[in-house]
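Colleague: Just to be clear, the model below is a prediction. Sequence and coordinates:
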Amino acid sequence: MTTPEQRLQPLPAEQWGDAEYAAFGALLGLPGDQVPRAGSGEPFDPLRFDIIGLLARHPKMARTFLTFNGFLLQRGELPARLRELVILRVAQTRRSAYEWGQHVRMAERHDITADDITRLAAGNEGFEGTDRLVLEAADEMLAKGHARWETWQALTDTLGEHAAMEFIFVVGVYVLSAMAFETWRLPPVPGSAPLPD
């Protein structure tokens, strides 16, 4: 979906080739020749995902980025609930309506309730334990550009070193994504949850 305000348009079906399919395959965990063809109408038809169509405009970069992002989303050690809470906080703070809408939808699959989303939009007061730790750590990183050493130690003590490292990269990747989405004026998917004030 595109709107007149969108500055960068997704790659049209006729411009998809081997490099573009290989890039999307990096996220899906499939070889490029097994990725559904653009315009096929299949569930993973690349034309169903505007962000994939935008990234495919630079397939070499997209393949590298989607490999890394696919690791964080599908194969990392940071628990999915914590990852999605952090991504939602980044989307809220960086004012990315696209990112917010996509990850509200994903959050439901990872034990994040509608009440959790409402509380998250209001701040951190409704959370405790590890949820509260990662939200406060994300806020600190978003405000200062890094976490304090004491925060890092709390993250490693609670999550383990690997998951704590992934946490930092999740914050960074989704700040980067929000910057790209907002620069390119990527609209939220119709019917997405609206970005809270």
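Modeller: On my side now, so go ahead. Numbering: from 1, shown residues only.
Colleague: Secondary structure element holding the residue nearest the centre of the chain?
Modeller: Residue closest to the average C-alpha location in the chain (C-alpha atoms, centre = their mean): residue 174, at 5.4 Å. Taking DSSP states H and E as the definition, residue 174 sits inside helix 161-183.
Colleague: what's the spacing between residue 58 and residue 116?
Modeller: To residue 116, residue 58 is 35 Å away according to C-beta to C-beta, to the nearest Å. (Each C-beta comes from the backbone N, C-alpha and C, glycine too.)
Colleague: Compare the two (neighbour count), which wins?
Modeller: A direct count of neighbours by other C-beta atoms under 10 Å for residue 58 and residue 116 places residue 116 higher, at 19 against 15.
Colleague: Export only the CA atoms of stretch 69-84, formatted as CSV.
Modeller: Provided in CSV are the C-alpha atoms of stretch 69-84 (Å, rounded to 0.1, in the frame of the first residue of the first chain):
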residue,chain,number,x,y,z
ASN,A,69,17.0,-9.0,11.8
GLY,A,70,15.7,-12.6,11.2
PHE,A,71,18.2,-13.8,13.8
LEU,A,72,17.0,-11.3,16.4
LEU,A,73,13.3,-12.1,15.6
GLN,A,74,13.5,-15.9,15.2
ARG,A,75,16.6,-17.4,16.5
GLY,A,76,17.9,-15.2,19.3
GLU,A,77,17.9,-15.9,23.1
LEU,A,78,16.1,-12.8,24.2
PRO,A,79,12.5,-14.0,25.1
ALA,A,80,10.0,-13.0,22.5
ARG,A,81,7.7,-11.2,25.0
LEU,A,82,10.6,-9.0,26.2
ARG,A,83,11.7,-8.4,22.6
GLU,A,84,8.3,-7.2,21.5
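Colleague: neighbouring contacts of that stretch?
Modeller: The contact list for stretch 69-84 (C-beta atoms under 8 Å, 6 or more residues apart in numbering) reads 26-29, 103, 106-107, 109-112, 130-131, 134, 159-160, 162-163, 166-167, 169-170, 173.
Colleague: Now that we have those residues, which of them are buried?
Modeller: 26-28, 103, 106-107, 112, 130-131, 134, 159, 163, 166-167, 170, 173 (16 or more other C-beta atoms under 10 Å).
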